[in-house]
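Enquirer: based on what follows, work out the 3D shape:
(chains A and B)
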Amino acid sequence: MPGDTLYINNNAVKKNTYDAIVIGTGISGGWAAKELCEKGVKTLVLERGRNVEHIKDYADTLKHPWELAHRGATTNQDRITSPIQSKIYAWNEASKKFFVNDLENPYTQVKPFDWIRGNHVGGRSLTWGRQCYRWSEIDFEANAKDGHGVDWPIRYKDIAPWYDYVESFVGISGSIENLPQVPDGNFLPPMEMNCLEKQVAERVRKNFIDGRRVIIGRVANHTAQVGWRGPCQYRNKCHEGCPFGGYFSSLAATLPAALKTGNMTLRPFSIVTELIYDKYTKKAKGVRIIDSETMKTEEFYAKVIFLNASTLGTTHILLNSVSDAFPNGLGNTSGQVGHNLMDHHYGVGATGESDDFEDQYIYGRRPNGIYIPRFRNLNEATKQKEYLRGFGYQGGAGRGRMKIEEGIGDDYKEALTEPGKWKFSLGSWGEHLPYYENKVTLSKDKKDKWGLPVLEIDCEFKENEMAMRKDMKDSAAEMLENAGLKNISAYDGMPAPGFCIHEMGTARMGRDPKTSVLNGNNQMHDVKNVFITDGACMTSSACQNPSITYMALTARAASYATEQLKKGNL
Amino acid sequence: MIASLTGGIVIGGEVFVSGCKNNESTTAYSFSKDDIEFLNEVAETILPKTKTPGAKDAAVGEFMRVFVNDCYEPANQQAFHEGITQLDQASKKMYDKGFMKITPGQRHDLLVTLDKEAIVYQKKKSDFDNEQNEKEKAEKAKRNYNYKKATTTSHYFTMMKQLTLLGFFSSKPGATEVLRYIAVPGRYDGSVPYTKGEKAWAT
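Expert: This is a model prediction of the structure:
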């Protein structure tokens, strides 16, 4: 199996020594691997799950609906083995191999929390939602202004060039809009809005004086070829893996780039149990793993360690890395590791129907929709009394098949073969404030199959989020109404935290080592050669989809780490 | 995918809120060959062969067997199986003969009656389910996460009809000969002229 060829003698420390170790191959781990390898750093990349081969392992996505026994549906067996994973939108008969078996990957929910995971090379970058919105100055200043959480140690100007840098490699399609709350970037040509979306966008622009805009989604699907990748074929089956390389993933993009340098060694089936701390050098000298195939323990050593095991995966490793110097987890003198867990709150919005465009239809399945950037609490004029921060909407219009409840026979069959009315839907993504008491800890009694205490997750949405949700629902209905849609129906499904799969914040960046885990370069205050650039580093959650920000922070931190490495500081 | 294939929510396709309650076998009921033939005829009555293929051409009876066994929760599996008998009894009551023995015209009229009955039943069920969902949300808002909402089974004919539509329009003849299907569109156009009578996309 992969990995076995990497070294011959377990005792030979030299053979197990690299310049850098990256833990995790998801969206941020892929970037850490690419950046370090391209700068000449010999890098070992560890992945706890199996290997996945780009294109070859996406065979199911090429099946026609009738070639899938359940036509895509979730089965009872799925609900038994993956009761949590199988609830999410991206789960289907062809994509389910990219989600974990919940029975084999237990955790404790003190309050309901849906922890969605993909343990394999590429991680959740294979199944991600692909929406990419820059954070703005408003987001980096938010904590300092209203006093929730701690101040971000960086501002927009610190990350802006890194957004430029990663966007040009990722390949994000989008439109230039000059909206300060979602700064423009380095985009491929935007996807097209359909006729109803254009009408709604125009009416929202006219009918609301607060400057809100309906724009086309900014999405990491390639509207033009990006290097050897793409373009997107408009199948809208991205969660199943794309044999055309039509969207960005670690497997399609960053890991091949890292491999090409000759500096990457990729080792799947490697469960990192802890980082090994050296009290004399005050650094982490390496990692200890269990090989999940052989059940053997191994150690690997490096000068620099990047933790990109996903927000909660990274936190789990930190909490399990105990030593005399750090009895409560590596780099945790602040006591903040595991705290301030955030997700976006979503699953709320509205839908409506249009009587227009009966003579218009659609060709192709666009894997993207529209976006309505945040329009609340941006300034004095848009300030809300009931809650802090804001939310955005994703949505779009489509024309599905005719839906008729009553009928039997020839005429009924015939009627069902035509398209139905145009429909428009809006769903909202809201900011979750960082609360110290939203936390993960190690279970005192439950262990996983590797003998590690499982995580206990204790997280909830509170009054600020609940007050915001009311506006998220009402404003969705109000906009659809104003845009002339009919039969408007507003909903709030109240999903648990975690369900949005934007968990973040449990090893936050900050200016003060007493109240934060990482500094402005994503470097641990306490352990200078450890960098954390996955969602754990986030100091606040904003309301934009976070992956592009993780990517920019990763590239920035990798650049800093390499400089420090070359100066001999690490 | 399911929503796009049927234009709505499908029984058995919905997500469980709290996951599966037990590890019991999900296939406690089995379908006989006669059952599958029976379901094929029910499906064919709902979506008959016209100038285009019908439900039997798409083996919808066999699809129902797989879907009910693998995707329905036990209570709906039971209701579905009992439904086969109930439908046959409804035929006996109306025509003094079982469903397999009546004429296509009689089958059509019987299913029109059952269709109306099922719609009334489902409306009441939907009101009840909405009420239960609201109760559950209210409890969640009070941080009571253990509240178990009450559930009811669907009308057997609703299940048969839904599976007929799902199975047929996602089948090869249904998707490619009755609707339009393109696996790899290659591009997107959001405003294509449309003339009434043109077929809808299958996916």
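
Enquirer: where along chain B do the strands fall?
Expert: Counting by DSSP state E, chain B has these strands, from start to end: B:189-193.

Enquirer: go through it and flag its longest helix.
Expert: helix B:104-141 (DSSP state H).

Enquirer: what separates it from the chain centre, distance-wise?
Expert: Taking the mean of its C-alpha atoms, helix B:104-141 sits 12 Å from the chain's own mean (C-alpha atoms, centre = their mean, to the nearest Å).

Enquirer: that helix: which residues count as buried?
Expert: B:106-112, B:114-115, B:118, B:121-122, B:125, B:129, B:132, B:136, B:140 (16 or more other C-beta atoms under 10 Å in any protein chain shown). (C-beta placed from N, C-alpha, C; glycine too.)

Enquirer: now do stretch A:132-149
Expert: By neighbour count with 16+ other C-beta under 10 Å, stretch A:132-149 contains the buried residues A:132-136, A:138-140, A:142-143, A:148-149.

Enquirer: and those, which of them are in helices?
Expert: A:138-140, A:142-143.

Enquirer: is the longest helix of chain B positioned near chain A?
Expert: Yes. Using C-beta under 8 Å from any C-beta of the partner chain, helix B:104-141 reaches chain A at B:108, B:111-112, B:115-116, B:119, B:137, B:140-141.

Enquirer: nearest to residue A:97 among those residues?
Expert: Of all the residues of helix B:104-141 next to chain A, the one with the least separation from residue A:97 (C-beta to C-beta) is residue B:140, at 31.6 Å.

Enquirer: for the closest one, give me its contacts.
Expert: Applying C-beta atoms under 8 Å, 6 or more residues apart in numbering or on different chains to residue B:140 gives the contacts A:494, B:147.

Enquirer: what does the one 3 residues further on give?
Expert: Under the criterion of C-beta under 8 Å, 6+ apart, the contact list for residue B:143 reads A:111, A:460.

Enquirer: once you drop chain neighbours, what's closest to residue A:432?
Expert: Of all residues not flanking residue A:432 in the chain, residue A:342 sits nearest, at 4.2 Å (C-beta to C-beta, 6 or more residues apart in numbering or on different chains).

Enquirer: from chain B, how far out is the one you found?
Expert: Residue A:342 sits 18 Å away from chain B, going by C-beta to the nearest C-beta, to the nearest Å.

Enquirer: now residue A:188
Expert: Counting by C-beta to the nearest C-beta - residue A:188 and chain B are separated by 14 Å.

Enquirer: give me the phi and psi for the residue nearest to residue A:432.
Expert: The phi and psi values for residue A:342, taken as degrees, to the nearest 10, are phi -130, psi 160.

Enquirer: does it really touch residue A:539, like I thought?
Expert: No. Taking contacts as C-beta atoms under 8 Å, residue A:342 lies outside contact range of residue A:539: 9.7 Å.

Enquirer: okay, those two: which has more neighbours?
Expert: Neighbour count, other C-beta atoms under 10 Å in any protein chain shown: between residue A:342 and residue A:539, residue A:342 has more, with 31 against 25.

Enquirer: so where do the helices sit in chain B?
Expert: B:2-6, B:33-46, B:60-71, B:74-95, B:104-141, B:156-169, B:172-173.

Enquirer: what lies in contact with the second one?
Expert: By C-beta under 8 Å, 6+ apart, the surrounding residues in contact with helix B:33-46 are A:408-409, A:412-413, B:31, B:54-56, B:59-62, B:64-65, B:84, B:87-88, B:99-100, B:104, B:107-108, B:111, B:160-161, B:163-165, B:167-168.
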